[in-house]
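S.K.: sequence and predicted structure below; questions after.
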Amino acid sequence: MLRRLKNISHSLYRIWFYMLVTIPILLFSPLLLLTTLSERTYNQFYWLARNIWAKTILFGMGCPPKIQWDQKLMRDKGYMLVANHSSMLDIMLMLYVSKNPFVFVGKQELAKIPVFGFFYKRVCILVDRSDPKSRSAVYRRVKRRLEKGLSICIFPEGGIPEERIVLDKFKDGAFRMAIIYNIPIVPMTFLDCKKRFPWKFFSGSPGKLRVKVHSFVETGILGTEDSGTIKKEIRKVLLGTLLDDNQKKAL
């Protein structure tokens, strides 16, 4: 009986999440459409996505963010934002963390999600990792967005890993791009998203979402041959933070 009640509460929690994702999009769809007609109005779209959509979801789910900054983002400066990926809440949390407008680089499969996918494919840089031409086109689109003063966000794991994996292997793209375009890399550790809204259906609960924003990695003196080393160093920082936090919880 108790298990059944828990499953019901988790189901309602999930349904509430999808309602919070969808309802603001439907309510503000005229504004969202207007602000996605051109790249020139992307900043206005970003303001809506961050301040109305993302905050509605995070606080509506009872998941207030708590950010610890080792270094602060400078206004009107381009960055490569990277973080571990363990939950659908990661998207909203990244929007909350960065007041600086950025563009997600993500899998084109997400464009198939009803309602959300319609706007996702209009404002994000989509990539088909199985297609070399698609991967090459991403670099051109990233360059154009950086030239407009935007930042870029990539989850370097390439997707949400299995529940048992603390942090999956990183792909090269984010680090290589940061070096090519000479922008700082901003590593972040999302500590609670997996617990608050994991991939497993009958699970999750409200609570704070802690974010650790680590010191930035400057890329000005690096060459593309250094991307593998930087990738490993940043993954080591994120993994160490996750493991230390898990150990503290266990004590």
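M.R.: Perfect, I can see it now.
S.K.: residue 94 touches residue 82, doesn't it?
M.R.: No - counting by C-beta atoms under 8 Å, residue 94 sits too far from residue 82 to count as a contact (9.8 Å). Every residue, glycine included, has its C-beta placed from N, CA and C.
S.K.: residues bridging contact with these two, i.e. touching both?
M.R.: Listed contacts common to residue 94 and residue 82 are 153, 188; contacts here mean C-beta atoms under 8 Å, 6 or more residues apart in numbering.
S.K.: looking at those two, which one has more neighbours?
M.R.: Taking other C-beta atoms under 10 Å, residue 94 and residue 82 do not tie; residue 82 has more neighbours (27 against 22).
S.K.: so that one sits in a strand?
M.R.: Yes - inclusion of residue 82 in a strand is indicated when DSSP: H, G, I helix; E, B strand; the rest coil is applied.
S.K.: ok, residue 55 - contacts?
M.R.: Shown here is residue 55, whose contacts under the criterion C-beta under 8 Å, 6+ apart are residue 96.
S.K.: distance of it relative to residue 20?
M.R.: If you measure residue 55 against residue 20 using C-beta to C-beta, to the nearest Å, the figure is 10 Å.
S.K.: before we move on, what about residue 204?
M.R.: Counting by C-beta to C-beta, the separation of residue 204 from residue 20 is 13 Å.
S.K.: ok, those two, which is more surrounded?
M.R.: When residue 204 and residue 20 are compared for neighbours, residue 204 comes out ahead with 23 against 17, by other C-beta under 10 Å.
S.K.: check contacts around that one.
M.R.: With contact set as C-beta under 8 Å, 6+ apart, residue 204 has these partners: 10, 13-14, 195-198.
S.K.: for it, which non-adjacent residue is closest in space?
M.R.: Here the nearest residue to residue 204 in space, its sequence neighbours aside, is residue 197; by C-beta to C-beta, 6 or more residues apart in numbering that works out to 4.7 Å.
S.K.: biggest helix in this protein, by residue count?
M.R.: Of all the segments of type helix in the chain, defined by DSSP state H, the longest one is helix 2-27.
S.K.: roughly how far is that one from the heart of the chain?
M.R.: Centroid separation for helix 2-27 versus its chain: 21 Å, with C-alpha atoms, centre = their mean, to the nearest Å.
S.K.: which helices and strands sit right next to the helix or strand of the chain with the lowest mean pLDDT?
M.R.: For the chain, the helix or strand with the lowest mean confidence is helix 116-123, at a mean of 83 (criterion: mean pLDDT, DSSP states H and E). Contact here means 3 or more C-beta pairs under 8 Å, 6 or more residues apart in numbering; DSSP states H and E; on that basis helix 116-123 packs against helix 2-27.
S.K.: which is the next helix or strand following the helix it packs on?
M.R.: With elements assigned by DSSP states H and E, the helix or strand that comes after helix 2-27 is helix 29-35.
S.K.: which residues are in contact with that following helix?
M.R.: 25, 41-42, 44-45, 48, 119.
S.K.: of those, which is the most crowded?
M.R.: In terms of neighbour count, residue 45 stands highest of these at 22 neighbours, by other C-beta under 10 Å.
S.K.: where's that one relative to residue 183, distance?
M.R.: Using C-beta to C-beta, residue 45 is found at 21 Å from residue 183.
S.K.: now do residue 74
M.R.: Summarising the geometry, the distance separating residue 74 from residue 183, computed by C-beta to C-beta, is 12 Å.
S.K.: and if you look at residue 241?
M.R.: Between residue 241 and residue 183 the computed distance is 22 Å (C-beta to C-beta).
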